[in-house]
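Participant: The following block contains a protein sequence and its predicted model.
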Amino acid sequence: MNISLPKHTSSHFQSYKHHGKGPDELRRRRNQYNVSLRKNKRDEQIQFKRNLIGNDSTSDETDDDSQQHQCLDLNEIVLKSQNSDPTICFQGIRSARKVLSIERNPPIDELINLNLLPILVQCLSYDQYPELQFEAAWALTNIASGNSQQTQAVVNANALPYLLRLLKSTDSNVCEQAVWAIGNLIGDGSRLRDYAIELGVIPPIVEFLQKEIPITFLRNVTWVFVNLCRHKDPPLSLNAAAEILPALKYLLVYSDITILVDCTWALAYLLDCGNSMIQLVVESGVLPEIVQLLSHNEIKIITAALRAIGNVVTGTDEQTQYIINLGALNFFSKLLQHQKHKLNKEAAWLLSNITAGNQQQVQAVIDAQLIPDVIHHLQHGEIQTQKEAAWCISNLTMNGSVQQIQYIVNLHVIPPLCNLLQQQDVQLLQVCLDALHNILKQTPEQNLEEVTMKIEECGGLDKIENLQTFSNNEIYQQSYEIIEKYFTNENDYHDHDDDISYMSQVPNQDVFPFGNNSTNQTVPDNNFNQNNLHFQF
Amino acid sequence: MEINDQNLEALANYLRKTLSPNGDERAEAEKTLKQIERNENYSSLLLTLCERSTIPDEIRRASVITFKNFVKRNWPSLDASSSTTNSISIRDRNHIKEHIIDLMTRSPEHIQQQLSDAITVIGKCDFPDQWPTLLDTMVRQFQQPSTGNSFQSINGVLKTAHSLFERYRYEQKSDELWLEIKLVLEKFAPAFTELFKSLVAYYPQKITDTIEMKNIFDSLYVCIKIFYDLNAQELPEHFEDNLTLYMTHFMTLLSFDHPNLHSDKHDPGILDRVKTEICRAVALYADNYSDEFKPFAPQFALAIWSLLTRLNLSPSFDDLVGTAMRFLSTLAARSHHCSMFEGGDILKIVCEQVILPNLFLRESDIEEFEDNPEEYIRKDIEKSDSATRRRAACDFLQALCIFFESQVIALYSQYIETMQKEYLQNPSLNWSKKDACIFLVLSLASKGETQKLGITKTSSFISIPVYYANSVLPELQNPDVNSLPLIKADCLKFLIYVRNQLDRDSLVKSLPECTRYLSSNNVVVQTYAAHALERLLLVRHPADQKHTAITKNDLIPYAQSMYDKLFQILTSDKSYENEYVMRAVMRLSSSLHEGVLPYLSQLMDKLVLILRRSSRNPNKPNFNHYLFETITVLIRTSVTQNVGVLNQFEQILFPVFTPIFTEDIAEFVPYVLQILGFLIESHPTGSTPLPEAYRILFQSILTPAFWDRSGNIPALSRLLQAYIEKGGENIVLEKLTIVLGIFQRLVSQSKVHDHEGFAILNSLVVHLPRIHLENYLKDIFVVIFTRLTKAKTQKLIKCIIIFFCYFVVKYGAQELITQVDNIQANMFQMVIDRLFLPELSKIDENDKKLCAIGVTHLLCDPIPMISGVYFVQLWLPLLQSLLQLFESSNELQTMSYAEKKKQAQEEAEDELLVGLDDTPDYTPAFSCLAFAKKPHIDIFSTSIPDARCHLAKCLQTLTASHPNQFLNLMKTGLSTEHLSHIQKYCSLANVTLI
């Protein structure tokens, strides 16, 4: 049954992924990798919003004909918009806004090419015509909702300072539309966001919270916060974050679902920006509220809260401990048993970062009675959940005490771990092999046979043996090492590596000479003789 | 070299010569080619030659092969070395990359294959960064209008692409890898999908054109592999967008059939290979992208199981059947897919029409059973069946049992019952149904099994003891041992697997049946009968795990008959080196305990004959191993009854052993050495000198050539120690310097065997009177310190600590310090600091007591430690290390002498059972004989029963003679924990420190 293998020098076994890594390195951010192959599922918060129907009473022409008609006459629209007669200009701008609001393929590029942007920007400054300002801001909003070049074109037309000015407008509709347009610009990426911050966007936006504004407006304001926090290349500066955190904390008292979701996502994004940002958020005192949201009825809110908390526990041991101390683990039994697979997966991911911590934190997960659920997912979950559960277990075996590891073994963790060894995913294989290897390493001699037997009984040994033919070298090495160390009989004498290299080999002789004074110099190095012996070891 | 006709001609000429039948001419030409290969344009010249249709084909072929090998050898060197030593210039490299794809697609197939290999080598080094145009060039080939010839050229491109992308299946996720995949998805995937579309649109038009059909399906085959490559890491956006397209065509292809695309041989035909790849690809989806795959899953399940019902038993379908069943297993094992097996008759259809037919043996298996029993056994009970249909069907069966165990078992119970009846009605016609029944019951009942114990966990829906009693035992009780041998083999196999699920009575009852089948005239049946006997003898008593279920008294009535039959096989001409049979002889001999003695002389006679026979051609390592184990068992059992019998063994064995030495039969020498060592050790100490034969032998084991073979060393070392122990002054003394020379060589030249050198040295120290070694002590220490200075290892340090402790016990602690410091002033400080303090507590459990006593004396006896130079720096730390040593050892800590003795006895008894449970620890170099295992001996077992008390007493003496000095030091220097330990030891020893 033992597959014989070429011999190795021990240097091949140097390091597996986690050798010598502390808990902080074991913790995995949710998006460890920057390259994505998947379709973007937009399960998070939307980045751009177009104002399609609007809240004005002017959308009286809704029939397709008129839209068709207007589309054909883009030239005329632009021409009208340039007219010095405010009424004609207003008609032009409004028509432009309308064609930009059609649902499919609005003619953004066409209008940009017809040089509409400077006209729109100019209209923003006509304080005496708030309706015109409103229409222009709306049109800009929709242009800015396009692709990155289109958004950039709006910025290049110098719209931002004018839009910021409008935040002080006395007309609430104008204010709201400006907020909306700004949100789209900021949403494009870190560069535009920082440009807007430089222009002073944060204070006026925060100030809206102190005004009596309608809930719909408040939702838009919250959405701007999400866009401010969204991008992390580079992330929001700590100073800017410090400015908006009180606002986010304030918004969390609302019971409006949209506001809560956006607000929590904003925090989740911030918390994905490294340990100093996590610390800032911790100190802002919002996290107790977020932890409570884990038991909300609305799945969107749970998802966001889970992500936020999950990001905190990618931080240091202390930050992780803070979350544990807030009692977050009490919510996880429910989350792991939730019928929504995605929540199971995220919950398991989060726990995997707690079991990556110290033994006290591992114990907290055990004490919360969560391991049986994790093992259930390891056995029966969807593949993504299985992967996270495998990480959770593997990290536990890396950091757990002998008793803690014994505990999961008693809960029958071995069969599901072995079961996953027939998967093809290299990372998953690695994680499961790590877990099994750690369990074996941490099992006291007298229990070892019980563990190896469990591995063999459930067919795990066969699977590990199969992995010895796996194309990935690390997988092959580790499975080889496990077999070699725990499933092969002893007394394996290897010939390799058996020369003390810098000792000159004595040629084969007919006798065994002994001592230093014999004619054959058998303590072979010539530097060592009776006259100048020096031993150092 | 310019590319001109003259150079081309010259090159063609050399290439022609490389094909010459004249060896010299060939070598000369190859050498010349090697010399000119560094010239600029060399590669271009080769490619030009292989391209020209005017050149004779063998030259073109030689040219492309030379090119491929040239690329293989030289292309990867770019990264490793600087550009000056580069064997292919950058210009040539670029030239090759620019033209090779085109060239490949224009070339005839045999040249294409070689070029494709070369491209793969280049691609692995250069793609994507150094070869940004590769994907574009490949994609351009796809877009050529499809003509008759074009599929063949496209196929070359596809194969190349697959060779580059295949690693996505097994490489670890990383940003770098994903960036590459992303690039491939952007540039390659759209054209690839278009190509796939045109291929699937094209073949229905070409149904009548067999050659074209084969070309198209060749391309489709590689396409689906590439599909897998690109989907392996993650489900890419492109493929998600085109999911319906691919899945629909996969479905169509699965149900497509064409008589000319199958194979008439054992290998699968191209259509079957295409379907196999489809099954693999959809299994990937079912496993990893279940959300997206879910809508398609039921259709595929249906298509695939109906495909399975249509496939006959031809081996050309084996891969397809296996892969298809693995796909179904994937669905069955997942909670979100498994529901499709529920409802209606689906489960029944799957069990009956998909699984069941594949559980039957095939003609080829039956032939193997008769003609190639070893291979049959390997597949049947040694788990080498992973590629068989039976295994795949059984895995699928077990996957179904995850969620539907009771239903599945209920279904199969009916079949089992029916088939059993059919069998009983007409055994000679329907025996294959019985075979399937037994296989089914084992598959369904086993919920866990190990090699050591057979089945350990069973299904709650099926009773093994009942099935055994009703359907297996009656079969075994059939008076005709030669009827339906395959069924007998199955029944014996069943018994072997379920042995730990049966009660003692059933086991005992099976003994005579197993014995009878030893005389079957079928090798598999004989082997299984022997194997069953051997395994049964190891089953533990259910109520008392320390003892076996079958006792020697159960065996004695059958012993003679068993031995007769076993040796009959071993002397037959069919299966005379059957390891299972030899192992059964060994186990039987061991299990009989002293009951084996009446058979001793007949056994030895036969074993010696076999040994002589095997010496001539020792090619069955396991067989040989058990042969020597058996001899060891016999010696061991006899000697415990009567030491006088040693002499007889020596007289029988020496004549057989001598030729093994003189003819140097390398496979046997380590065994013989072990047995000789074991024999010497069995001689009582001190009474009569060892027989003269050993003295003669002693001379020969000191030959250096003997020690050159590392497989001999463990056995030689043990034998040498046995000589030292039993014949130290009598035999060893006259060759003492040679023995010390062996010690020196092992310690100074080997990291693997240095511990053997120390074992020899320790044995000398323990067993030789001091006077004999005194003159050599300095040299011994120099050897050790030289090695330590040159190559320190943890193992070496442990060996040194142990040796020093033996030395202290025998020669006194003061002598150790004197020796060490005489070699180099104050070196003892280094010995304690660098060796004892860090490593003392890590000493192996068996040596801890020795070390505890040795260190106790180092602390309490020598003047330099008590009041001299070493007191201040070493005394306290060494005491702390010693206390740690005590803490680290359960045995030293807790056990009383009586407990220890009891445990040692139990372990020794246990070892005879447990230690032998498994396969032999055979390695080509050296295999330890389990029955010759040397027990650990505590040289202080009576003199110092408890090392803790010994420490306490020594400390008492020390403190009494040095009032205050040590007590104060301990009180101020030791932790309260350590202090309490000392107090505990004192109270155990009933002493008080003052």
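Facilitator: Received the coordinates, thanks. Residues are numbered from 1 along each chain as shown, chains lettered A, B, ... in the order given.
Participant: Which one of the residues in the stretch 201-350 of chain A is closest to chain B?
Facilitator: residue A:341 (8.4 Å; Cβ to the nearest Cβ). In short, each C-beta sits where N, CA and C put it, glycine included.
Participant: residue contacts, the closest residue to that residue other than its chain neighbours?
Facilitator: Nearest-residue entry for residue A:341: residue A:382, 4.9 Å, with adjacent residues in sequence omitted and distances by Cβ to Cβ, 6 or more residues apart in numbering or on different chains. With contact taken as Cβ atoms under 8 Å, 6 or more residues apart in numbering or on different chains, residue A:382 is in contact with A:341, A:344-345, B:290-291, B:336.
Participant: how far away is residue A:382 from residue B:75?
Facilitator: 44 Å (Cβ to Cβ, to the nearest Å).
Participant: for residue A:186, same thing?
Facilitator: Counting by Cβ to Cβ, the gap from residue A:186 to residue B:75 is 50 Å.
Participant: Which one's more surrounded, those two?
Facilitator: residue A:186 (30 against 19; other Cβ atoms under 10 Å in any protein chain shown).
Participant: That one is in contact with residue A:198, isn't it?
Facilitator: No. Residue A:186 lies out of contact with residue A:198 (Cβ atoms under 8 Å); the separation is 11.9 Å.
Participant: any weak-confidence spans in chain B?
Facilitator: Applying pLDDT under 70 to chain B flags residues B:78-86, B:145-150, B:687, B:893-925.
Participant: Tell me which helix or strand residue 417 sits in.
Facilitator: Chain wasn't specified; assuming chain A. Using DSSP states H and E, residue A:417 sits within helix A:414-419.
Participant: try chain B instead
Facilitator: helix B:389-425.
Participant: Would you mark the buried spots in that helix?
Facilitator: B:389-405, B:407-409, B:411-412, B:415-416, B:419-420, B:423 (16 or more other Cβ atoms under 10 Å in any protein chain shown).
Participant: Residue 198: how many residues sit nearby?
Facilitator: Since you didn't name a chain, this refers to chain A. 9.
Participant: I was after chain B.
Facilitator: Around residue B:198 there are 14 residues (other Cβ under 10 Å).
Participant: Tell me the backbone dihedrals of it, please.
Facilitator: Phi and psi for residue B:198, reported as degrees, to the nearest 10, are phi -70, psi -30.
Participant: Near the residue of the stretch 201-350 of chain A closest to chain B, how many other residues are there?
Facilitator: 16.
Participant: Contacts for the helix holding residue A:417 next, please.
Facilitator: Under Cβ under 8 Å, 6+ apart, the answer for helix A:414-419 is A:375, A:378-379, A:390, A:393, A:432, A:435-436, A:439, A:451, A:454-455, A:458-460, A:463-464.
Participant: Got a quick PyMOL command for the buried subset of those residues?
Facilitator: To isolate the buried ones among the contacts of helix A:414-419 in PyMOL, judged by 16+ other Cβ under 10 Å, type:
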select buried, chain A and resi 375+378+379+390+393+432+435+436+439+451+454+455+458+459+460+463+464
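Participant: check the contacts of helix A:414-419 against chain B, which are close?
Facilitator: Checking those against chain B by Cβ under 8 Å from any Cβ of the partner chain, the ones in range are residue A:458.
Participant: Which of the contacts of helix A:414-419 fall in helices?
Facilitator: Among the contacts of helix A:414-419, the ones falling in helices (DSSP state H) are A:375, A:378-379, A:390, A:393, A:432, A:435-436, A:439, A:451, A:454-455, A:460, A:463-464.
Participant: For these, name the two members farthest from one another.
Facilitator: Pairwise distances across the ones in helices among the contacts of helix A:414-419 peak at 19.6 Å for A:375 and A:464 (criterion: Cβ to Cβ).
Participant: Verify the contact between residue A:83 and residue A:95 for me.
Facilitator: No. Residue A:83 is not in contact with residue A:95 according to Cβ under 8 Å; the separation is 12.0 Å.
Participant: which one of the two has more residues nearby?
Facilitator: residue A:95 (23 against 15).
Participant: Just the element for the more buried one, please.
Facilitator: Going by DSSP H and E, residue A:95 is in helix A:86-100.
Participant: That helix - contacts with which helices or strands?
Facilitator: helix A:64-72, helix A:74-81, helix A:108-113, helix A:116-124, helix A:130-144 (3 or more Cβ pairs under 8 Å, 6 or more residues apart in numbering or on different chains; DSSP states H and E).
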